[in-house]
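Peer 1: Let me see the structure of the following:
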Amino acid sequence: MAITKTKAPAFHITGEVGWINDPNGLIYYNGQYHAFFQHHPYDTKWGPMHWGHVVSEDLTNWKYLPNALTPGGDGDKNGCFSGSAIVYDGRLWLLYTGFTENQGGDSIRQLQCLAESSDGITFKKHGIVIGEDDLPEGYSPSDFRDPKVWRHGGLFWCIVAARKLDGRGRILLYKSADLFKWEFVGDLLGKDSAGIMIECPDYSEEDGYLLFCEQFQPSENGLHLNVHTCRFAIGKIDYSRGVFKEESRGIVDYGFDVYAPQTFAGKPVMMGWLNMWDRNIPSEKYGFAGMLTVPRAVSVRDGRLYQEPIVNSTEVYKTEVSERLEDRVKVGVITVVATSLEALTLKLRSGGDSFTSLTLCGNEWVLDRSKSGEAIVGVEKDEDSLKGIRRMPFSGKSAVTLTVVMDEFSVEIFEDGNSLTSTIYPPEGADSLELTVKAEGCVYRRADVTLKA
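Peer 2: Down below sits the predicted model:
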């Protein structure tokens with residue numbers, strides 16, 4: 001299928017054309033940041049997964065490289081699913097899930113494969129390195145995917161999402177001396193997930209957090225409303241016992257559209273898929289479907305994950321706001337700093353009858369994309385979802401900094417380390433912004449993203 005991209009976001013990663021989902025193999029190698037991603041280059045629908053590949057020097061301007069992995073080898077005949085990267089002995093290694101469809105159902109196989117590169121561009125496949133025989137008894141080889149690899153104590157370690165044959169999602173821990181021969185260590189959480197399956201686990205030894213996604217889990221009294229949710233758990237792995245010692249947990253993002261968050265190897269920087277399963281994607285008609293979030297600096301404080309956007313930008317406008325401000329912006333970074341904040345409404349990408357709004361309502365921020373433009377519909381049937389609403393806790397601090405990263409088809413909102421991210425598809429000319437605020441003091445800043453030709 002021939003595809004032409006006719007529109008694209010200004011600085012968010014997409015495929016050159018076609019479909020993308022999970023970020024993979026985020027790593028710094030040979031003086032550049034490398035981001036790989038699940039990619040179907042021949043259609044705007046999910047299909048046989050390749051690994052797309054982009055590089056950057058500043059985490060904002062990205063250059064396309066040839067696809068790093070293409071399905072068809074030993075173990076990945078029908079797809080090269082998600083995984084991670086590590087630098088060892090001067091080479092770049094990819095540990096990823098090979099997918100073999102066979103006859104479908106229980107005959108599907110998802111097993112872990114290895115590839116290496118000496119230049120970071122072309123990769124040699126080594127086939128399956130964690131096979132069906134390496135699974136402990138009672139776990140399904142049909143749902144066994146998304147390895148995250150790192151080095152600790154002179155060994156390689158990886159976690160892999162799995163599922164019990166008679167249960168739900170699990171995370172398994174493996175170790176290896178050479179990346180080729182792996183040994184099962186333990187079931188990291190030791191119990192079934194709330195969702196049917198866990199996907200895309202990620203672990204930071206340096207900062208002490210575990211990320212994972214759960215598919216089709218209950219909403220837990222409105223704590224989250226997406227049927228597929230990304231969680232963080234704060235704690236550390238006990239390598240001797242193969243278990244994760246959890247201290248606290250929470251939701252990675254409060255918006256409609258973040259999935260599969262991953263961190264760069266050895267660096268406290270995270271990216272996720274800026275989309276969600278079981279939703280329509282209006283950008284298909286432009287020749288692309290799916291994008292990645294902006295990189296986010298992450299840290300752990302007070303038992304939770306903090307995120308701040310990383311965007312190469314230059315401040316171009318700054319003013320004090322007494323009650324109301326109007327501006328025009330489609331792409332950029334908006335910052336509102338307020339003291340003793342009592343009320344705030346921010347209307348973005350307004351044009352005609354279309355707009356996206358963020359409102360401070362008591363102890364929470366409320367995003368409303370019901371009138372943002374082309375309709376985005378998911379499988380969720382709760383009242384908020386049907387009304388285009390998502391909510392994020394408000395810090396209630398005496399000094400508040402609200403940051404909004406805007407691109408052609410997305411808004412990413414940050415306050416006190418929390419994030420709320422959603423796709424939007426406004427009309428072409430919708431670029432008006434209106435801020436209404438009640439506070440002791442308020443400063444509005446706008447920064448342009450620094451884009452290279």
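
Peer 1: CA only for contacts and neighbour counts going forward, please
Peer 2: Will do.

Peer 1: just the strands in the stretch 351-453 of the chain please.
Peer 2: Counting by DSSP state E, counting those that start in this stretch, the stretch 351-453 of the chain has strands at residues 354-361, 364-368, 389-393, 399-407, 410-415, 418-423, 432-438, 441-449.

Peer 1: Now render the ones you listed as a markdown table, adding mean pLDDT and distance to T44.
Peer 2: A markdown table is the format used below for the strands of the stretch 351-453 of the chain (pLDDT from 0 to 100; distance: least, CA to CA, whole Å):
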| stretch | mean pLDDT | distance to T44 |
| --- | --- | --- |
| strand 354-361 | 98 | 26 |
| strand 364-368 | 98 | 27 |
| strand 389-393 | 97 | 27 |
| strand 399-407 | 98 | 20 |
| strand 410-415 | 98 | 18 |
| strand 418-423 | 98 | 16 |
| strand 432-438 | 98 | 30 |
| strand 441-449 | 98 | 27 |
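
Peer 1: Adding mean neighbour count, write those out as TSV.
Peer 2: Shown next, in TSV, are the strands of the stretch 351-453 of the chain (neighbours: other CA atoms under 10 Å):
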stretch	mean neighbour count
strand 354-361	20
strand 364-368	21
strand 389-393	21
strand 399-407	19
strand 410-415	23
strand 418-423	23
strand 432-438	19
strand 441-449	18
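
Peer 1: how about those strands in CSV, adding distance to L341?
Peer 2: Rendered in CSV, the data for these read as follows (distance: least, CA to CA, whole Å):
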stretch, distance to L341
strand 354-361, 9
strand 364-368, 13
strand 389-393, 14
strand 399-407, 7
strand 410-415, 13
strand 418-423, 18
strand 432-438, 6
strand 441-449, 8
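
Peer 1: Let me know the pLDDT of G73.
Peer 2: pLDDT for G73: 85.

Peer 1: that's a strand at it, yeah?
Peer 2: No - using DSSP: H, G, I helix; E, B strand; the rest coil, the secondary structure at G73 is coil, not a strand.

Peer 1: May I have the beta-bridge partners of the closest residue in space to it that isn't next to it in sequence?
Peer 2: Nearest residue to G73, sequence neighbours excluded (CA to CA, 6 or more residues apart in numbering): G127, at 7.2 Å. With DSSP bridges applied, G127 shows beta-bridge pairing to L114.

Peer 1: how close does G127 sit to G138?
Peer 2: Counting by CA to CA, to the nearest Å, the gap between G127 and G138 amounts to 24 Å.

Peer 1: what's the domain layout of the protein?
Peer 2: Using automatic domain parsing, the domain ranges for the chain come out as 18-300, 313-449.

Peer 1: okay, those, which one's buried deepest?
Peer 2: Compared across those, domain 18-300 shows the largest average neighbour count, a mean of 20 (mean count of other CA atoms under 10 Å).

Peer 1: what about it, how long is it end to end?
Peer 2: Using CA to CA, the two ends of domain 18-300 sit 35 Å apart.

Peer 1: if we can go back for a sec, determine which of the strands of the stretch 351-453 of the chain approaches I234 most closely.
Peer 2: Smallest distance to I234 across the strands of the stretch 351-453 of the chain (CA to CA): 15.1 Å, for strand 418-423.

Peer 1: Keeping just the C-alphas, turn the closest one into PDB.
Peer 2: These are the backbone C-alpha positions of strand 418-423, laid out as PDB (Å, rounded to 0.1, in the frame of the first residue of the first chain):
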ATOM      1  CA  ASN A 418       1.900  15.100  37.200                       C
ATOM      2  CA  SER A 419       1.000  14.900  33.500                       C
ATOM      3  CA  LEU A 420      -2.200  14.900  31.500                       C
ATOM      4  CA  THR A 421      -1.700  14.100  27.800                       C
ATOM      5  CA  SER A 422      -4.300  13.900  25.000                       C
ATOM      6  CA  THR A 423      -4.500  14.000  21.200                       C
END
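
Peer 1: Note down every partner strand of it and its orientation.
Peer 2: With DSSP bridges as the test, strand 418-423 pairs up with strand 410-415 (antiparallel).

Peer 1: relative to strand 389-393, how tilted is the strand it pairs with?
Peer 2: Strand 410-415 and strand 389-393 meet at an angle of 30 degrees, taking axes from the mean of the first three to the mean of the last three CA atoms, to 10 degrees as the criterion.

Peer 1: what about strand 410-415, distance to the chain center?
Peer 2: Mean C-alpha position of strand 410-415 versus that of the full chain (CA atoms, centre = their mean, to the nearest Å) differs by 13 Å.
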